Every structure is written in structure tokens, then in C-alpha cells.
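Student: Below are the sequence and a predicted model for it; my questions follow.
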Amino acid sequence: MAEPIRVVVTGAAGQIAYSLLYMIARGEVFGKDQPLILHLLDIPPMVGVLEGVVMELSDCALPLLRKVVPTTDPLEGFKDVSAAFLVGAMPRKEGMERKDLLSANVKIFKVQGEALDKVAKKDVKVLVVGNPANTNALVCANYAPSIPRENFSAMTRLDQNRAAAQIASKLGVPISNVKNLIIWGNHSSTQYPDASHGKILINNEWKDVVDAVGDNAYLEGPFVETVQKRGAAVIGARKMSSAMSAAKAACDHMHDWWNGTAPGKFVSMGVFSDGSYGSPKDVVFSFPVEIKNKQWKIVENLGLSTFGRSKLDLTGKELEEEKNEAMSVLDSN
Ligand SMILES: NC(=O)c1ccc[n+]([C@@H]2O[C@H](COP(=O)([O-])OP(=O)(O)OC[C@H]3O[C@@H](n4cnc5c(N)ncnc54)[C@H](O)[C@@H]3O)[C@@H](O)[C@H]2O)c1
Ligand SMILES: O=C(O)CC[C@H](O)C(=O)O
């Protein structure tokens, strides 16, 4: 069997981590033959809860889990890690604005970027889940200059999964028969869930989602809005933000980054923009990507409708505004 790799989950005492840690430790991300040393990072007031999580992980009796390192010190938490799930951040509650999160959370990602820079493996794969995820990933990478910025990503996989679930339900097919739906831009209500390159497996043949649905008004209206507003709908219902589905999406994202995407399939990830598809450069923008040998590549030359173009511009503008806000918060500290 392989040597164990070190994987860190921040916000380890929180609600997303409660589902995520179990999935990782079962081998669902890095494989059933890959032993793990799990680092659990949280903040001092959560030490008691963290102890309980450590007890439960032990009681799960998971063969791949070789050691658990609970800590409140980022330098210990990020030491020699190969993969980092950055979940720890304040979630939005009912009545809160996204702006309230930005100022509280970007400071966390500055500190964590600096710690990753000092002690993580230089090929560490970093997935930012904590909101505002795209801008937090940007901040984190900026404070970790010795790690290639391609190694930082933000999670829009939950939005992709939500989009796929909507289409599967609309067409009455299993979710595994839907692929290549795209999430463009920010993990926020300006994101653009795009079904125009989506495929659906019917009678062993991949067909266009657009043709199978046959209702453009739905695909540009209720479909887009449902996916954009799903996070808020879950908060409205649970009074807490999505957790089980966020943990599953984080596993899917890191799994595909680690293992690659199947030929003909792409997935959406927030990554540093090179200006592809007319997006603003140097923000973390969600694109369709293909992955090989742990390297992602933006899928090129996909057509964009006029409607799609306007949606990409809107979400790109929001990301530039967030970036400016984040920089002014960090400059004033
Ligand atoms: N990208 C997505 O699709 C997506 C989906 C759902 C939730 N989220 C975001 O994920 C984040 C976590 O959500 P949750 O429901 O698990 O929240 P939670 O409040 O249950 O848990 C957050 C944990 O992070 C810890 N934490 C705070 N500051 C920290 C720091 N500096 N270092 C380490 N840990 C720290 C807290 O103590 C807490 O234990 C939120 O920002 C939420 O909005 C993102
Ligand atoms: O804060 C929000 O708007 C939603 C929380 C989370 O990002 C989600 O998508 O479920």
C-alpha cells in the first residue's frame, strides 16, 4: 500500500466538515488504497467540539485513517499537506449580506495563505469552500507566492451538482446520465448555470440537453434562477447553510482534480482567470475544465449566446468588485 498523505480540513468542528471528514477518511476522494493522515484545523473556542470529532473519527474504525492531528495552529495544520480543504469561515445566516462575510472571512484566508506558503508541500492542491469562495481563493493564493497559483481553486461544484439534479429531474433520468453542465463565474447569485453544452444519455447515446428539454425559456429562466438561488433556499429552510451537499461537492471537486476527468467530460471549478471567454483576468472565475495528471485546463472554443455573454459579464464584474473590496479590507489592516 502507498505511503500515507497528509490532508487538512479547516473549520473541522463545523457542519460541512462533519460530513466531509467521514467521506475523505472512507477513501472516496484519494482512493481506497491511499492511507491518510487527517489534519483538523479550527479555532481555540472550538477545541472541545474538535475533541468530539476526533473521538468519532476513531470510533468509525476506518482502515485508511492512520492518524488524526487536531490543532488550532495553522503552521501545524498545514505542515506537509498534499491537499487542503479550506472550509473554515463564517457562513451567511438569514438577513446577512454577502458583504458582511467578505470582510470577516478574507482575513482568515490571508493568514492561511501565509501558513500554506511556509509549511505545505509545494504541489499542494487547495480547494476553498468558505465564502466568498472565489475571492477567498484569490486572497489565499496571493499570500502564498511560493505555491503555483494553478494549485488554488474555489468550489462551484455544488452549483454544478444542483444544475445536474434540476435537469435530471426535469427529464426523469438518473443523475449519472447528465454531464457537461457549466457554472460560469462567481459562487454567488450572479453565477451563470449554462445548459447549452450539456449532454444527456438516452438509449446509450449522448444527446444535447437543449434538444431533450426543448424549452429555451425554461433553460434561460427558472433553471438559471433555481440554481442561482438554491443556497439561499436551503438557508431559508434549514436556517443554516447547506452542509451535506457542500461536503459531497467538495469530495467530487477534489476527486476529479486528483484522478482526472473522463474523456469527453468536463467539470466546473473556480480557477485563476487568464481572460478566457472575455472574463476579467486575475480573478478566480468558474470555468469548464478538463483534468489530466492533476492539472486542469480550461475547455476552449465553446459557443456563447448573447444571453450567456451578458451573464458572464455580470458575474465577472461582481468578481472584480469583490476583489477590490477584499484588497481594501486587507490594506486597512
Ligand atoms: N462554496 C460552496 O458551495 C459552499 C457551500 C456551502 C457553504 N459554504 C461556506 O462554507 C463555510 C463553512 O460553512 P459551515 O456550514 O461548515 O460553517 P460552520 O459555522 O458550521 O463551521 C465553520 C467552522 O469554521 C471554523 N473557523 C472559523 N474561523 C476559522 C479559522 N480562522 N481557522 C479554522 N477554522 C475556522 C469555525 O470555528 C467553525 O467550526 C461558510 O463560509 C459557508 O458559507 C460554501
Ligand atoms: O451564503 C449563501 O448564499 C449560500 C451558502 C452556500 O454557499 C450555498 O451555496 O449553499
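Tutor: Yep, it's here. Numbers count the residues shown, from 1 in each chain. Ligands and ions are numbered 1, 2, ... in the order given.
Student: contacts, neighbours, all on C-alpha from now
Tutor: Noted.
Student: can you list the residues of the chain near ligand 1?
Tutor: 10-17, 41-43, 46, 87-92, 108, 129-131, 133, 155-156, 158, 241-243, 246 (CA under 6 Å from any ligand atom).
Student: Which of the residues you listed fall within strands?
Tutor: Judged by DSSP state E, strands contain the following of the residues of the chain next to ligand 1: 10, 41.
Student: Got a quick PyMOL command for the buried subset of the residues of the chain next to ligand 1?
Tutor: Buried members of the residues of the chain next to ligand 1 can be picked out in PyMOL with the line below, counting by 16 or more other CA atoms under 10 Å:
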select buried, resi 10+11+12+13+14+15+16+17+41+42+43+87+88+89+90+91+92+108+129+130+131+133+155+156+158+241+242+243+246
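Student: Now the longest helix belonging to the chain: buried residues?
Tutor: Counting residues, the longest helix found in the chain (DSSP state H) is helix 306-331. Buried residues in helix 306-331, counted by 16+ other CA under 10 Å: 308, 311-320, 322-323, 325-326.
Student: re earlier: helices - which of the residues of the chain next to ligand 1 land there?
Tutor: In helices, defined here by DSSP H, the members of these are 15-17, 108, 133, 158, 246.
Student: Export these to TSV and append columns for pLDDT.
Tutor: Output for these, formatted as TSV (pLDDT from 0 to 100):
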residue	pLDDT
Q15	96
I16	98
A17	98
I108	95
A133	96
L158	98
A246	98
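Student: Pick out the most distant pair among those residues.
Tutor: Comparing all pairs in these by CA to CA, the longest separation belongs to I108 and L158, at 22.3 Å.
Student: ok, longest strand in the protein?
Tutor: Using DSSP E, we find that the single longest strand of the chain is strand 284-292.
Student: and the residue lying closest to K281 once chain neighbours are set aside, how far is that from ligand 1?
Tutor: Taking CA to CA, 6 or more residues apart in numbering as the measure, K281 lies nearest to G275, with 4.6 Å between them; neighbours along the chain are not counted. Counting by CA to the nearest ligand atom, to the nearest Å, the separation of G275 from ligand 1 is 22 Å.
Student: For G275, grab the count of nearby residues.
Tutor: Neighbourhood size, G275 [other CA atoms under 10 Å]: 12.
Student: Just list what the worst-scoring helix or strand of the chain on mean pLDDT packs against, helices and strands only.
Tutor: Averaged element by element with mean pLDDT, DSSP states H and E, the chain has its least confident helix or strand at helix 98-119 (a mean of 90). With contacts taken as 3 or more CA pairs under 8 Å, 6 or more residues apart in numbering; DSSP states H and E, helix 98-119 sits against helix 74-77, helix 133-142, helix 306-331.
Student: With respect to N204, which of those helices lies nearest?
Tutor: Ranking these by proximity to N204 (CA to CA) places helix 306-331 first, at 29.5 Å.
Student: Quick one: list the elements packing against the closest one.
Tutor: Taking 3+ CA pairs under 8 Å, 6+ apart as contact, the helices and strands that helix 306-331 lies on are helix 98-119, helix 133-142, strand 192-194, strand 284-292.
Student: Other residues contacting the second one?
Tutor: The list of residues contacting helix 133-142 from outside it, by CA atoms under 8 Å, 6 or more residues apart in numbering, reads 105-106, 109-114, 127-128, 130, 147, 149, 152-155, 186-187, 270, 272, 283-285, 319, 322-323, 326.
Student: Check the shortest one too.
Tutor: Residues from elsewhere that reach strand 192-194 (CA under 8 Å, 6+ apart): 159-160, 163, 181-185, 223-224, 227-228, 308, 311-312, 315.
Student: ok, and the most crowded of those?
Tutor: Neighbour count (other CA under 10 Å) singles out G185 as the most crowded of those, with 33 neighbours.
Student: What residues does it make contact with?
Tutor: Going by CA under 8 Å, 6+ apart, G185 touches 191-192, 270, 284-287, 312, 315-316, 319.
Student: what's around E205, how many residues?
Tutor: The criterion is other CA under 10 Å. On that basis, E205 has 10 neighbouring residues.
Student: next one: the one 10 residues further on
Tutor: By the criterion of other CA under 10 Å, D215 has 11 neighbours.
Student: residues contacting it?
Tutor: Shown here is D215, which makes no contacts under the criterion CA under 8 Å, 6+ apart.
Student: Fine by me, thanks again.
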